[in-house]
Structure formats: C-alpha cells, structure tokens
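Trainee: sharing a model prediction with you, sequence too.
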2 protein chains.
Amino acid sequence: MKSTIFLKLQLLVLIACICFSCKEETTGMSSNVETDSQAHPNLILTQKSVSEIKSQLGTVPLFDSTLEKVKREVDTQIEKGIKVPIPKDMAGGYTHTQHKINYAVMQKAGVLFQLLNEEKYAVYIRDMLMKYSEMYPLLPRHPQERSYARGKIFWQCLNDSNWLVYTSQAYDCIYDWLPKEETEHLNKALFRPFADFLSIETPQYFNRVHNHSTWGNVAVGMIGLVMNDDELVDRALYGLKQDNIDPNSKDNDGGFIKDKDGKAGFLANLDSPFSPDGYYTEGPYYQRYAMYPFMIFAEALQNKKPELKIFEYKDGVLLKAVDALLNLTDANGDFFPLNDGQKGMSYYTSSLVSAVDIAYYYGDKKPELLSVVKKQNLVQLDATGLAVALGVKNKQEKPFIKKSMELRDGSNGDEGGLGILRFNNNEETMALLMKYSAQGLSHGHYDKLSFSLYENGEEIIQDYGLSRFVNVEQKNGGGYLKENKTWAKQTIAHNTITVNETSHFKGRFEIGNKHHSEKYIFDVSNPKVQIVSAKETNAYPDTELHRTLVMVKEDFLNKPFIIDINKVTSNSKNKYDLPYYYFGQLISTSFNYITPKSLSPLGEKNGYQHLWVESKGVSELDNIQFTWLSNKKFYSITSVVDKKDEIIMGRIGANDPNFNLRKDPALIIRKNNSQNVVFASVIESHGTYNPVKESANNAYSAISKIETVLDNDIYTVIKIEFKNEVSKTLIICNKDNSVDTKHQLKIKDKNYQWMGSYYYYKTK
Amino acid sequence: MKSTIFLKLQLLVLIACICFSCKEETTGMSSNVETDSQAHPNLILTQKSVSEIKSQLGTVPLFDSTLEKVKREVDTQIEKGIKVPIPKDMAGGYTHTQHKINYAVMQKAGVLFQLLNEEKYAVYIRDMLMKYSEMYPLLPRHPQERSYARGKIFWQCLNDSNWLVYTSQAYDCIYDWLPKEETEHLNKALFRPFADFLSIETPQYFNRVHNHSTWGNVAVGMIGLVMNDDELVDRALYGLKQDNIDPNSKDNDGGFIKDKDGKAGFLANLDSPFSPDGYYTEGPYYQRYAMYPFMIFAEALQNKKPELKIFEYKDGVLLKAVDALLNLTDANGDFFPLNDGQKGMSYYTSSLVSAVDIAYYYGDKKPELLSVVKKQNLVQLDATGLAVALGVKNKQEKPFIKKSMELRDGSNGDEGGLGILRFNNNEETMALLMKYSAQGLSHGHYDKLSFSLYENGEEIIQDYGLSRFVNVEQKNGGGYLKENKTWAKQTIAHNTITVNETSHFKGRFEIGNKHHSEKYIFDVSNPKVQIVSAKETNAYPDTELHRTLVMVKEDFLNKPFIIDINKVTSNSKNKYDLPYYYFGQLISTSFNYITPKSLSPLGEKNGYQHLWVESKGVSELDNIQFTWLSNKKFYSITSVVDKKDEIIMGRIGANDPNFNLRKDPALIIRKNNSQNVVFASVIESHGTYNPVKESANNAYSAISKIETVLDNDIYTVIKIEFKNEVSKTLIICNKDNSVDTKHQLKIKDKNYQWMGSYYYYKTK
C-alpha cells in the first residue's frame, strides 16, 4: 500500500512539472497544483486561488451563479465586437460609455479566462489592449475642458484611473499567456505612459488626499504590481516627492487640492480621511465609491507584498471601514445621505460586494458579513468570493444587527463624529443619526449638529441629500446642480439651527474646513435611554450650539420616542430657526396658523430663497403639537414654545427655475430676537393607519405636555408629561460631561442626586 | 352482506334520531348527520354545512388558520367582558366603537359555537343580546343629530343596519340552543322592533336605491329569515309599499332620496344601480362596501328560499358584480379610486373575502378566484369558505389575469360605462381606465371622459380620489372634508377637459345625475392596438367632448404607449384646460417657461382656487415634450400644441387652510379663445433609473414628433414620428363608429382605405 501511494505522489509531481513547463512554453494555462508565486496571475487572482476555485466550481451556488451571470455579460459583449473609439464625449455620451464598458468587460474576461480556461477571453483582452496601445500614445488630453485634471480616455483623470484599476486586473490574468514581446510592447507603449500620465503629468490630481486621488494612486500601484515595477508601486504608496502644487488651488468642487499636512499617496489617503473607527470624512456615499480601490489594492498588496501587512495598517482601519460603512445604512441597506450623498445608494452596489468579501476573507471571517453577502446575492470572483460563497453554502451566516455606535471623525479620531442611536425589536427598527463631524472636505454640508430619523428603513425626519441626478443627462449632464450649493449644502436645508438666516461658517468652505464639532456625551449602555450630545462653538461667532438627542423606550409605549434639546448660548440677540423636514400629510396642529393667499419665499439667500411659506402661526399655549401621517403611520412633534415664537410651515421649491428640487415639507420653529434659548421637543412615531380596514390606531400623541423646568449654565431640565399621567424628567449637565461627577439639584423643592452627565427619571 | 348493510343503515337512522331529539331537549348541538332543514342554523351556516365543516376541521389549512385567528379574536373579547353602553358618540368615539365590536364579535362567536361546540360562545351571545333587549326598548333616536336618518345604537341607521346584519347571523347560530321563551322574548323586545325601526319608522332611509339602504333592506331581511317572519322578508325584498317621501328631499351627501322610478327594496337595489355587467353606478369603493350585504343576504336567501334563485337574478348580476369589482383593481388589488373612493382600499378587505368565497361557491367554481383567495389568505367560515380553502389546498387555482374590458353603466347597460385597457407582459403590467359613465349618484365626480393610468400597480397619471381621511378623527371626525366638494369632485381635479374654468354640468348634481356619456368605440380585439373612445354632449351647452385613448404596443418599444386625442367642438369660443396629474420630479421640457417669484392660485372657484401656478410657458414649436421621473421610471408626455397655447405647471394645495390636500403636481395644457380644437398627446413609460448602479436607461422619449395631419367633422388624423424614423398614423372616424363602414381618405396625395371606425397604420 505504502509504495502505491508513494508511486501516485511521484506521478502527481511529475505531471505538475510537465504542466508547469508546458505553461512556460505555451499559453500559460494555470494548473491545479502549487506553482511559482511570482507567476501571473498574482494580483487579485493567484495561481493558488485559481486552482482552489476550479476545484470547487459547480458546487458553490452563489459563486457559480455569479460566474454564470458574468459569463453571460461578457459573452454578449464579445459578440458585439471590440470598439475603442477616439475619446470625445462627456459622461453619459457614447465614447465615455464605451470605454467604461471596455474596462469592466476586460476585467471580467480576465477572470473567466483564468477560471474557465477558455482562450477566447484572453484573445478578447489582448486584441482590445492592442487597440488601446495603438491609440494611447497619440492621444492629447481629452477635448472636454471641464475638469481641473483632464484625462485622456475620459474627460477627467478619475475615469482614466478607473480604467487602469480594472484593466490591470485583466492584464494580470493574461500576462503569462501573452508572448513576452507583447507584454514588453504593452508595458512600454500603454501602461507605463498611462501610469506616468496619471501621476507625474497630473500631480494636482495624483498628489492629493481625496477619493479621486485614491483611484489614481491605486491605478498606478496596480499596474506597477502587474509589471513588477517597484518605482510605480512606491509612487502609488507614498505619492510624488515633488509636485509644485499651489497650496491655494482648488478643484472643481471648491475643495483645496493640497492636503493641509502636505501628504499624498495611497497610505496618506488611508491615514488622513479615515478615522480610527473607519469613518471616511466625506461621508458614506463617497466612502462607498472609494472603497473599491482601497480594498482591491489592499488585496493585491496582500498577495504580492504581504510583508506590508496592509490589512493591519492603522490598527486595521480598512476592515473597520467596511464595518463602518455597513453601519451607516438604514434598515434597507441604503446609506445615510450625509453631505453630498444620493439617496438610494446602498450596500448592494458592486464596490460593497467586493469590499464585504475582502473584509470577510482578510478579517476574522465574521459570520455577520455573510448575511450581507446573502442579501447582495453576488460575490467577487476570486478567493474572497469563494470564501463567502462557501460560508453561505454552509449556512454559517448570522444576522448583521446594526447596533448603536459612535463613529469618530478625523485621522486621530478627535474631530467630532457621528452618533447613531438604534432600536431593534424584531422587524421594527428605529435609527437616529446625529452629525457632529468635521466638514467632510469639498462634499461637506454646513449642517453641524443636524440629525435624521428612520423607521424600518423609511425616512421620518429626512436629510435632503444632494441636489443632483447622477448620470441623468438632462439634469446638467448628470453633474451637480446649482441648487446643490444654493440649497442642499445650506444649513436651513438641514434639521439643525440656523442663526440669523446665515449658514454655519457663513457657508464658506475655507472656514468650515478648519473646524469640527465636539462630542459631549455618547452613552448607549442603557438600551432604553440612549443619548448623544455634542457642541458646536465655531459655526457662529460668540455662539454655542449644544444639542442633545435621546432615544427613549418606555415600557408603556410601543415604540421609542426622541427627545431633542437644542440649547443656544450667545453674546447677542439673534433669530434662530429649527426645521424638521418631515414627509407626508399634516393631520392636526395644536396651534392656529394663517395660510397666505399667495406663496412667497421665506428669505432671500442662504437657502431661504428656496422655501415657500405655506403658513405662519403662533401658539397661545407654551406647547405646540404637530401630527402628521406618512406611509400609513402617525407621527407627532411636541415642542416647548414661547408665545412670541413663530411656527412656519414651509415647502421646498421656491426659486427653482428648472424644477430641480423635491417639493418636500418642513415644520420650522423660529425664535425671534432671542439670546440664550432652549428648543425642547419630543418626536414620536405613535400610530398606524390601515386603508383596507379604514382604521386609525393610536392616531394621537401620547404626550400631554413638555416643560423646560430649568435652564441655566449648569443644567437644563425637561419634563415630559404623558397622557397616562406618568411624567418623566431629563436633566442634562451643560458644563460637565464626566461620568464620575456627583450632582445634586433642587427642583420644585425636591432634591435630586445622580452621578454623571445626565439623568432621566420618573417624576410621577 | 345485504342484510348487514341494511342493519347498519338502520342503526345510523336510529342514532340520528337520538341525536336530533337530544338536541331538541338540551342545547341544540348540531350533529354529524342529516337533520331538519328548518332547524337553526339555517341562514349562513346550515346544519348540513356545519357537519361538513366539522368533519374536515384540521385538514384544510386556510380554513383552519382563519378559524384559529377568529377564535383568538373572540376569546380576547370574551375575556374583556360584555359592555353595552348607552349610545352617545359619533363615529370614532367610545360607544360607537364598542357597539361595532359587539356585533362583529357576536357574529364570530356564533360561528365558533357551531363549529367548535363550545357553549361559552353561545352564552356570550345570549348574555349580550339580553343586555341589548333591556336597553333597546328604552332608546330614543341617537343624540347626535347629523344624519338625515338617525339610528338608535349609532348616529345613523346605516350602522344600526350593520349591527342587525351581523347580529342576525349570531342569533341564528344560537336560536335552537336558546329556550323558546328566550327567543320569543328577544324577537318581541329586540329584533322585530329593531326591524320596524329601520323600515317603517325610517322610510326615507329604507325605501331608497342607495348602498346604505341595501344594508337596511338586508338587515330586515336577515332577521326576518331567522325569525321565519315572512312579512319582514317581503319588506326587505320589495320595500315599503307606502313611504310618503318628498320626491325633492336629499340626504347628507346631497343625493336625492327618492329613486327616479320610485323603486325600493333589496331587488330594486339589485336592479337599478347594477348594470348588466355588474358595475355598480357609485363606483368600486362603494360597491365594495355594499358587496357584503348583497352577497351575504343572497347566500341566506339561497339557503332558505332557494326557489328565489337569487344568484340567477338579473342574469346572474351578483356573480358578475364580484367579477367586475376584481377587475376594477390595479396590479396590487387596490380599487381604482373613481368618484368618492379612498385610495388603498383593496380586494383584501373583509367584504371581498366574503364576496369572493360566495361567488366561487354559488358560481361556476372558477379556479381564477382561488388565486385571489390565496392572496387574501382568509376565508369566510362557512360552506363557501370551506370550498375555497379546499380548492387552495388542492392547488386548483389559476392566475386571475385581468383583461381589457368594458363595464357598462346603467341598469340596462345603456348609460355609458368604463373602459379598461390592459397590457400584461409577465410581471410588467399597464392599465388605463377611462370613465364615460353616469353620474354615480351622490358620490359621483364631475369628470366625464377622464382617465387614469397605472404601471405595475403604481399610479402614473392619477385620479385624485376623495378628500377625506376615513376614520381619522382629527380630520373632521373622519368624514368628508370641505375640499371634497371644492376640489376632489370638480372637473379640473381630473384628467379631462374643463371649459371656461367651470365644471361639467356646472358642478350641479341635479343636472349631472340626468346625463351620461356615450360609448363610441371599445375595441380590444387586437392586443397591440386597443382603443376606447366616448363622447359627452351634455357637460357643457352646445359643446361636444370626444375623447379617444389608444394603448399601442410597438415591437420596437419595450412598453406600450398611450395616444390621447381630445376633440372639442363648440358653438362658441372658449378656454379649454386639459391637465395631466403626474407624480414625481420634472426632468426636462422641450419648451421654455417662467417660474414666478411668488405663487398664486390658477383661478378663483370650481377647484381652480386650489391649484398653485408653479410656472407658465409657451411653445415655440408645434410640439411640447415633458419628461419626468417617478418611482425610478422615466415618463414623457408629447403633445401637439399651438403657439398661443399656454403650458401651466400646477400644484394642488392653494386655499387649503387645514392642509387637507395632497400637494401633487399637474401639467396643464390650456387653449385660450378657441372654438373647435384637438388636443393630441402621447404618454410613454420609456426608461428606468437605478440608484444603486447610478444608471439611467432610456431616459429620453422615443418620439420625435406628433402631428395633427387632418381634423374635420368626419376624420381626425394623428401622425406619430419615432426617433428610429418609423412613423405611424391613427385615423379616427368622428361621425361613424360602425365596424362595417368602408372609408377612404386622401392624405398628402396618398389614398388610404380601411373598414371600421379607426385605422392605425405604418406611414414609414
């Protein structure tokens, strides 16, 4: 027996050697055994992973179905033939779209060649690359002159970088199959010039800390790894040593080109915009876009330069970033539309398919990620995708339950952040996002201390998002609309306080970019009383904004409610506006209001010019209650008001000559000519309407009254009385956020003692 | 052998006799064998059906799950104890709600008593009925004075009738279980007075043709059947012989009380409002409400008076009515909100559960109905519910595919109607509803020749529906809102033509109720060119409105498009407005427009006061194109216009002091100072937007131009040019709708010949 086994082993080794030498001499088909680790493919696919995958083909449903889908896509394109047109069009136009299709299909064809051993895919890539290598040396910069960093194939270097990131992978897959003279030709005529163009020739694009530049770095790095060109890899990782960029120059979005610390390169792009919690300072919409180059290059580096330990870099920030992104979604997986974020973008996007698979494979193989993979229903066609598909096949997934968490902003985690409060009760979920981060670079909005509220993935109190219809050509070629600046970025467009009809930092990027809010309290240790509180002292001169949001779940109520306290302290008398952007239909108000015969805008600038005033009211009582119906649910806001406060019902859409804005409503509480004020409100989701049964259930707020019992420098005390005669009190300590301080306070002749920065208790 | 069988039979008969006599002496438990057909229950449940059901319990999933659900509901209520409060409140208030719960639970408890043999259910009903019998003789009319026909237990007789329809069923279930002196007491103290009150004492309610009166008729008839009181049954079927109702008196909704032919009673309510196609003249929302008493009484009559052959009455109109109702729904099963209809009401409502089960059982056991049952996931707990549940269990269902159809209006089918054009392509559906019916009694809207358009159950061109939040107490106690009259019923609120800013029939019921539109063409024989066309000559003096809607599916387009031709002929010069109530966001227009600095209403009355003018434009070309994005789909309207036409973008919501209206947008084409005109448009659903891929697919209309090639008394000719250079022409014969007439026409020097009232052909 022993000798038989030995004989078989010998035979296997012999076959392996033959195969290996065959490969060297012929077309480089990968074999099923251990091979030279320097041989291609070795970027994303490796000879080892190809062997593993091939041995499992047909047995791992999710991998197989993705492969089948990709094969159909690529086969369809191959049938259409190769088209490499002279670059001409803007985004959305023909040449733009064709070149986009080309790189996407080449990347996929490379994978198919490796996994299916069908030479037609290699031939397709080779033929296309040859066309590019003919055209590229002759190309000037792209004729469209809109970008500060014009590409050659596309109107901006960003898209050229996309091309190279994907094409590098295709090239790696056929590198050993190509005759040496052909690789030498391509390296020399196409790829090295391409990499130099993106970097040396366009330093204002390459040598930045910005999501676009990350694509540039990765493009250069990926092709460097394929060509074994260490100079390019170094350039990718560490940036250009010299760039001569004017420190005051700006890009098309109005962002500074030069990083404030002068850093550049892939690692700098990991250092600077990512916080230690994995939050990317531009927000999840742009983080999602940048995630693909970050993760795919990390995978390539791990394959070719494992000594870099890239996944451990900055305490594992890449893996944390994926986790952060998944947590920055609503119940449907849609990203919170912070800053310039288009609603509807979600973790179903392909860059997240890739990122989740890579994070699973190179992280701790967290079974929670598999539940996301299962929803995505697609995998990356490499070792990481095989791993997740196997995990799903073996039913190893656990639910990905999004928990309350804070994500700090700033490369050191000390520039404010985001607070997410969540409540999960089986299928019923509520999520609150409060923003007290840094500016978010050029895509940031002027909305310090703003918040948004979600129920089961529906927006209850919305963040407007951006004003843009990405890739809808009729709307300014799919680019940013004028109203993004005049409306979407302005403070009044957000659920936070505007002072004197002027946006935070006067709406000026140069100022806003220098500052961030400060976290004051974040405590979710008690799931029934979760609190986030932050301060902003730079948005307005000599004025402090201090907001506290508390998600409370009382046993006698079905759902949690939100306590919202905005304390404003100023040196002068001002006008303060606090809007709540709700959705749906007003059902009732506790206050009287007047609806005008004709509608006029609320103001003249800073976003106010875009709000119609649908009604104005004042309250005769010291509370207002506002109930609305949205998506078959009843909601109420109850607020403490002063009799001189104005209650404005507004609607977006004034001064909108191209109908670019959504005509969404707002409830605005305005305090005129006031100095130090507290806005105290409770937001409830309390009832449902069933149009089939025509029954309204809990159509009324559960709250009878809110009272600001006390407000001074040291404490703010809010009492909430419920209709069931229970009452509760919340005390916020305004000057001391230590968890250890002992406090005592006499309220209405009664002494209260507690420890820590806040206290929520039953009064009656 | 023979003798053994005989012996067994004898034994069975013996057991049956014993059981029967037991029942007589004790508590009337139903037995498992043939019994006296006059013994109770014999209304909805019968002794025979109870036996059948009991023999199958536990083996028919849908029946069992419904029974389990009902048992949980009733048990919960029994635990809460019996409450029979003195009537006091309006709808939504405590006493109203409690009495509603009472009758619903009694009906269910009766079923449970019969099917589960648990005496507690009988005891519960008996005890509650005794309380009612104590209270009822002492009750005056209800203290709330809002109704023209006040009840005793509720504010209106309608609800009292609901009570009696349900309670009769409960009473029937325990009739034989009760000692004779108790039934005699209840008959005398409660039920006969109750029936007399609803009929003799309230003739203005009972002796009408109206959905409310149907409930009254059925209430009296049901209790008559239970008590074997033929006088009551006759009164129910044929109405009061004398009523002394003033022929000019009206109800709360402004409808005439007296039927124009003076008819009354259940059969008159079947004769008059139902057309031979089963369409109920008030529209599907009210038909759905009336369907329960119609069907449940029919079932009872079939059980107790099969000689009436009620399901064959008027050529089987009851069964046709169920079919009509199911066809008057969108892809989600929601009823088209014709006239006063609240959106969201659907075939999931309990009255449709009952109606579909009864229609299946007493009709031809159509397997298509089972697929509706399966979606409803509930059955009626009687023989009909058992039958459908068995059908579902045995997988006998076939898809209910809604086809294009015409539903005629009027008791003889000669008062106009509804045309439904549908296109089904797997999961993709499109549905167009055109209304050319009679007024629809007091709930009718002034919207002759209006239409609405649906795609996959989403509203593309909407009908506004009613202005009411049914059972939302904060909104006028859940009743009709002022804006129902000032907006929702007005012509300008609908997708049809308003002349001189005045509604059809001047918005006066007395006039509108006398007239109906006339069907001109309805031809769906070619699924690729489906056409509906109708004329209205009474809405305005000396003016004819003639609208033609064609649903065309071209092979070179993914989806059908709609050709919409409105031909107006008048004796005088007028102002014509044609609105299209779309949803979502404007993407592009081919024309220029001006957006005002402040918004003013479009007019002063007849609904115009409720429309804000968001922009006004004129076209420099003879076509306008308007593209919008709604629910991730791109739509376009392309219209032939004259250079002097105004293009108005409007939004609902002006003069709406209580925010009762939805702020939905409209595109309005206005022809000023014109006499004979043609509005010719094409509506397309042409593209999609994917926010995850950020890709816009077919964002542009496929049409390059529309042209009114010819328009005279005899013919209207519209040519459509597509961007793929194909062009098509539609000819409508305006004076002759015969299918047999041969036509010939010379257009641009070319002769065309065809047969019939329209001709659609390829020009290029």
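Mentor: Received it, and whenever you're ready, just let me know what you need.
Trainee: show the average pLDDT along stretch A:219-236.
Mentor: Here stretch A:219-236 scores 98 as its mean pLDDT.
Trainee: what of stretch A:182-198?
Mentor: Rounded mean pLDDT across stretch A:182-198 is 98.
Trainee: how distant is that stretch from the center of its chain?
Mentor: Offset of stretch A:182-198 from its chain centre (CA atoms, centre = their mean, to the nearest Å): 34 Å.
Trainee: please apply the same query to stretch A:476-492.
Mentor: Offset of stretch A:476-492 from its chain centre (CA atoms, centre = their mean): 18 Å.
Trainee: pull out the buried positions in that stretch.
Mentor: A:476-481, A:483-484, A:486-492 (16 or more other CB atoms under 10 Å in any protein chain shown). Where C-beta positions appear, they are placed from N, C-alpha and C, glycine not excepted.
Trainee: let me know the closest of these to chain B.
Mentor: Nearest to chain B among the buried residues of stretch A:476-492, counting by CB to the nearest CB, is residue A:478 at 7.7 Å.
Trainee: quick one: the closest one and residue A:91 touch, right?
Mentor: Yes - counting by CB atoms under 8 Å, residue A:91 is a contact partner of residue A:478 at 5.8 Å.
Trainee: intersection of neighbour lists for those two?
Mentor: residue A:471 (CB atoms under 8 Å, 6 or more residues apart in numbering or on different chains).
Trainee: for residue A:271, see how far away the closest residue to chain B within the stretch 301-450 of chain A is.
Mentor: Chain B sits closest to residue A:344 of the stretch 301-450 of chain A, with a gap of 2.7 Å, by CB to the nearest CB. Using CB to CB, to the nearest Å, we find residue A:344 at a distance of 31 Å from residue A:271.
Trainee: how about residue A:672, secondary structure?
Mentor: strand (DSSP: H, G, I helix; E, B strand; the rest coil).
Trainee: quick check: residues of the stretch 551-700 of chain A near chain B?
Mentor: A:585-588, A:595, A:597-601, A:612, A:614-615, A:627, A:629, A:632, A:649, A:651, A:653, A:655-659, A:662-663, A:665, A:689, A:691-696, A:699-700 (CB under 8 Å from any CB of the partner chain).
Trainee: can you say which of these are buried?
Mentor: Taking 16+ other CB under 10 Å as the criterion, what is buried in these is A:585-588, A:595, A:599, A:601, A:612, A:614-615, A:627, A:629, A:649, A:651, A:653, A:655-656, A:658-659, A:662-663, A:665, A:689, A:691, A:694, A:696, A:699-700.
Trainee: among those residues, which lie within strands?
Mentor: A:585-588, A:612, A:614-615, A:627, A:629, A:649, A:651, A:665, A:689, A:696 (DSSP state E).
Trainee: farthest-separated two in those residues?
Mentor: The largest separation in these, counting by CB to CB, is between A:612 and A:696 at 29.1 Å.
Trainee: mind checking pLDDT for the most centrally placed residue in chain A?
Mentor: Nearest to the geometric centre of chain A sits residue A:284, at 0.9 Å (CA atoms, centre = their mean). Note for residue A:284: predicted pLDDT of 97.
Trainee: residue contacts, it?
Mentor: A:325, A:328-329, A:335-336, A:338, A:341.
Trainee: do residue A:136 as well
Mentor: Contacts of residue A:136 (CB under 8 Å, 6+ apart): A:152-153, A:189-190, A:193-194.
Trainee: past the lowest-mean-pLDDT helix or strand in chain A, which element shows up next along the chain?
Mentor: Lowest mean confidence among the helices and strands of chain A (mean pLDDT, DSSP states H and E): helix A:2-25, at a mean of 43. Sequence-wise, the next helix or strand downstream of helix A:2-25 (DSSP states H and E) is helix A:47-56.
Trainee: and the next helix or strand after that next one, how far from the chain's centre?
Mentor: The helix or strand immediately downstream of helix A:47-56 is helix A:61-80, counting by DSSP H and E. How far helix A:61-80 lies from its chain's middle: 29 Å, per CA atoms, centre = their mean.
Trainee: whatever helix or strand comes next after helix A:61-80 versus helix A:47-56: what angle between them?
Mentor: Next in sequence after helix A:61-80, counting helices and strands by DSSP H and E, comes helix A:94-116. Taking axes from the mean of the first three to the mean of the last three CA atoms, to 10 degrees, one finds helix A:94-116 and helix A:47-56 inclined to each other by 70 degrees.
Trainee: which stretch of helix or strand covers residue A:465?
Mentor: Per DSSP H and E, there is no helix or strand for residue A:465.
Trainee: first-to-last residue distance for stretch A:546-566?
Mentor: End-to-end span of stretch A:546-566 (CA to CA, to the nearest Å): 6 Å.
Trainee: how distant is that stretch from the center of its chain?
Mentor: 26 Å.
Trainee: and it, which residues are buried?
Mentor: For stretch A:546-566, by 16+ other CB under 10 Å, it's A:546-554, A:557, A:559-566.
Trainee: residue contacts, residue A:687?
Mentor: Going by CB under 8 Å, 6+ apart, the list of residues near residue A:687 reads A:633-634, A:696-700.
Trainee: again, only this time at 10 Å
Mentor: A:558-559, A:587, A:627, A:629, A:632-636, A:696-702, B:472 (CB atoms under 10 Å, 6 or more residues apart in numbering or on different chains).
Trainee: same question, residue A:49
Mentor: A:30, A:41-42, A:114-115, A:303, A:382-387 are the contacts of residue A:49 under CB under 10 Å, 6+ apart.
Trainee: ok, and the closest non-adjacent residue to the residue in the stretch 51-200 of chain A positioned nearest to chain B?
Mentor: Chain B sits closest to residue A:92 of the stretch 51-200 of chain A, with a gap of 7.8 Å, by CB to the nearest CB. Closest residue to residue A:92 apart from its sequence neighbours, by CB to CB, 6 or more residues apart in numbering or on different chains: residue A:473 at 4.2 Å.
Trainee: gap between that neighbour and residue B:696?
Mentor: 7 Å.
Trainee: find residues that contact each of these two.
Mentor: A:92, B:587.
Trainee: I figured residue A:642 was touching residue A:674, is that so?
Mentor: Yes - Residue A:642 lies in contact with residue A:674 (CB atoms under 10 Å); the separation is 7.9 Å.
Trainee: what's residue A:274 sitting at in phi/psi?
Mentor: phi -90, psi 130 (degrees, to the nearest 10).
Trainee: and it, what does it touch?
Mentor: Contacts of residue A:274 by CB under 10 Å, 6+ apart are A:280-281, A:287, A:290, A:294, A:313-314, A:317-318, A:320-321, A:324, A:409-411, A:413.
Trainee: and of the residues you listed, the nearest to residue B:573?
Mentor: residue A:287 (62.4 Å).
Trainee: give me phi/psi at the closest one?
Mentor: The phi/psi pair for residue A:287 (degrees, to the nearest 10) is phi -60, psi -40.
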